[in-house]
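Asker: below is the structure, and that's it, no one-letter string:
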C-alpha cells in the first residue's frame, strides 16, 4: 500500500443500498470488463429494482469496507456458507479491501461453525480466491439476461477454532 488509508468494516444498513449498487455496477463495468465481452457486461451489470436489492442485502449478513465515510467494497455470507457477492470499487482495487472483506466473512463463518465457504467466482475474481486458499470445484456456464458467462464454483474448507 503506497498510502496509509485507514479502512474500517461496518454492517450493512438499509441506507447503504445505493452505495453497494454503485460499487457492484462500477466493479463489473470497469474491472470485470477485461474478462467478459460488452454484451456479457451489459447483461451482468444491471439492478432492476433498488427495493429488491435492499431486501436481498438485508436478508443476510453483509459487510462494507469504509474509507472514512465512503463505502468502497462489500461482501455477504448466506446461512449455508455461500459468499454470494463480493465487490470492490475500481478506485480501490489492489489495496487490501477484498482481503479485509474475505477475512471478515471467514471469521463470521467460523463463528457460525460453518465447515466451508463457497462462491461462484468470475474469471476476474478466480485468481484472488485461489490465492486465498479456495479450490476450484467446477467451471460453469451461467446465463444472465440471455448472455452466457463463465464462472467457477470454488470452496474453502475452514479450520476449526480452538
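Answerer: It's in. For clarity, every value in this text was computed on a predicted model and none was experimentally measured.
Asker: what are the ranges of the strands in this protein?
Answerer: 7-11, 62-67, 70-76, 86-88, 116-122, 135-144, 147-157 (DSSP state E).
Asker: among these, which is nearest residue 42?
Answerer: Nearest to residue 42, of all those, is strand 147-157, at 7.8 Å by C-beta to C-beta. Any C-beta I mention is one placed from the backbone N, CA and C, and that applies to glycine too.
Asker: neighbouring contacts of that closest one?
Answerer: 36, 39-40, 42-44, 106, 115-123, 126, 129-130, 132-143 (C-beta atoms under 8 Å, 6 or more residues apart in numbering).
Asker: how about a cut-off of 7 Å?
Answerer: 36, 39-40, 43-44, 115-123, 126, 129, 133-142 (C-beta atoms under 7 Å, 6 or more residues apart in numbering).
Asker: buried ones only from the residues you listed, please, as a ChimeraX command.
Answerer: Buried residues within the contacts of strand 147-157, by 16 or more other C-beta atoms under 10 Å, are selected in ChimeraX with:
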select :36,40,43,44,117,118,119,120,121,122,126,129,134
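Asker: can you get me the start-to-end distance on stretch 83-93?
Answerer: Stretch 83-93 stretches 19 Å from its first residue to its last (C-alpha to C-alpha, to the nearest Å).
Asker: buried ones in that stretch?
Answerer: 83, 85-90, 92.
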